[in-house]
Structures are given as structure tokens and as C-alpha cells.
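Visitor: take this sequence and fold it.
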Amino acid sequence: MPADHMPTIPASPAGAENAAPAALRLVGGTSTAPDAVLASTAGPLRELCVRPWDDPKLARRGHDPRSAYAERFWVAVLGPSAMWFLRLLARELDELAPGEDLRLDLDSTARRLGLQHRGGRTSTFMRTVDRCVMFGLARFADDGTLMVRTHLPPVPRRLHDRLPRELRDEIEHWFRTGERSEFSLGETRLLASCMLMLGHGLHESAERLVTLGVAPNAANEVTAWAWAQRCTRPRPRQHR
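Guide: Numbering: from 1, shown residues only. As a prediction, this is how the structure comes out:
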């Protein structure tokens, strides 16, 4: 898929309206019953149910909202508030139990981001949410349910003009990096393992590999491999 073409928004699953209500976790406020009715647009909007918007195409070529790529490039397009909002949701979604949905107390979440929300659609917080929707990084499934991308697409070429000149030069490197690499599979795995051993995080390690010339897809795969090896490797027994 061309880098300057945003992924197609998938349709909502059939029968979703008739599905049984999932368990909901309220973030930033008091707990409520799982089958509580979300606020509609007719009145003040106080809560949102947030669900991951998974895209298999972006699972390989996309970027985690907490990655160095998102911080360097997407923040210049979205603005800091929207970027921090996506990062906050990425962390909260990672901590959910299987089958659990995330419910946001909007007033409390807005304060965590240094914004205001008085229940209206024109608050600074809701403008931040709408900005994520405008750039295709989130969408409303209904009045009270927000679908959020778990992986951000590459910044489209048509938006490169929004970047400062030094970032435009840097982001071109990411687009020029193809599937071919001067490193073998074994070498990239070794590099990824070394990055993790040096204390770099999962996403930071993959980003560093890309700066060395490894294709983003390959960098994500070998870093995931190295992380899995690190987690499953038996610890050496200590001799007394």
C-alpha cells in the first residue's frame, strides 16, 4: 500500500449492537455497572467507552503511539495534546484483561492531559479527540464508543509540509528504507538482542534498528523475536 494512502476504515462488525455488554473498566473516576448507558450527544458527554481499532496492515508497518517515530513525526502533525491522548490510551488498553473494555471519565482524563472538559463537544478535550478522528487515528463507532488505532500509520507524504525542514529530511529516510537490508537475519536478531540487553525498550530498539538501515517491518519482527527469546529464556541457576 502506498505510504501516502491512509488505510481504509473497516466496517463495524455485524451484530455488534445485539452483542452482550462487555465488562467495562472506568479510568479516572468511580466504578459503574457494566451495563450502564453511555451519555448521548443530547446531553453533556461525561464518559466514553474506548476499544482498540486493530488493523492487520498496520500491525507490521505501523508505529506504536509511544514509539520514537510517533514522537518525532506525528506530534508535529497532531499536536502534543492529541499525541499524549493516544499514548495514554495505548497504555491503558495494554493493561486491560481479555474481553474487558475501557471506559474513560472524560473530565478526569482531560485534567490528566492539562485540558478542560465541561461536558460539551466544543471543549478543548473533545477538540483533541476530534483531531485524532480527523487524521484517521480514531473513529466513533457510536455516540459513546471511540475506536482508537493501536498502531499509527506512517505520516502521509501530503502532510510532510507540516513538518520542520529537518524532520522532512529525516522522515524521507524512513520512506527510502526498503525491504532490502545490508544485514542478514541473524545479524539483525543479534542487533535487536543487544539493544534490549543495553536497556532500550521494545519500541526504542526497533526504531534504532531502522536508523541503522533495517526496514521497519524487519525491525519490528526481529525485535519481537528478541523480546520473546528474552522472556522465555530460562534463568541460570545460582550455585551455592
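Visitor: look at the closest residue to T128 other than its chain neighbours and give its secondary structure.
Guide: Closest residue to T128 apart from its sequence neighbours, by CB to CB, 6 or more residues apart in numbering: S81 at 4.6 Å. Placement of C-beta: from N, CA and C, glycine included. Using DSSP: H, G, I helix; E, B strand; the rest coil, the secondary structure recorded for S81 is helix.
Visitor: tell me the contacts of S81?
Guide: The contact partners of S81, by CB atoms under 8 Å, 6 or more residues apart in numbering, come to L113, G114, L115, T124, T128, R131.
Visitor: I'd say the last one and M83 touch.
Guide: No. R131 is not in contact with M83 according to CB atoms under 8 Å; the separation is 9.8 Å.
Visitor: so the residue nearest to T128 versus F125, what's the distance?
Guide: From S81 across to F125, the span is 8 Å (CB to CB, to the nearest Å).
Visitor: what segments of the protein are strands?
Guide: Assigned strands in the chain, in chain order: 23-27, 47-53, 100-105, 138-142, 145-149 (criterion: DSSP state E).
Visitor: how about these, which one is nearest R158?
Guide: For R158, the closest of the strands of the chain is strand 145-149, at 18.5 Å, according to CB to CB.
Visitor: how far does the closest one sit from its chain's centre?
Guide: Here strand 145-149 is found 11 Å from its chain centre; the criterion is CA atoms, centre = their mean, to the nearest Å.
Visitor: give me the mean pLDDT for that strand.
Guide: The predicted model assigns strand 145-149 a mean pLDDT of 93.
Visitor: now T128: how far from E221?
Guide: From T128 to E221 the distance is 33 Å (CB to CB).
Visitor: so which of these two has more stuff around it?
Guide: Neighbour count, other CB atoms under 10 Å: between T128 and E221, T128 has more, with 22 against 18.
Visitor: just the helices in this protein please.
Guide: For the chain, helices defined by DSSP state H occupy the ranges 56-61, 68-69, 75-78, 80-94, 106-112, 124-134, 165-176, 185-197, 202-211, 216-232.
Visitor: mind listing what's buried along the longest one?
Guide: The neighbour-count check on helix 216-232 (16 or more other CB atoms under 10 Å) flags P216, A218, A219, N220, E221, V222, T223, A226, W227 as buried.
Visitor: so for S181, what's the pLDDT?
Guide: Per-residue pLDDT puts S181 at 55.
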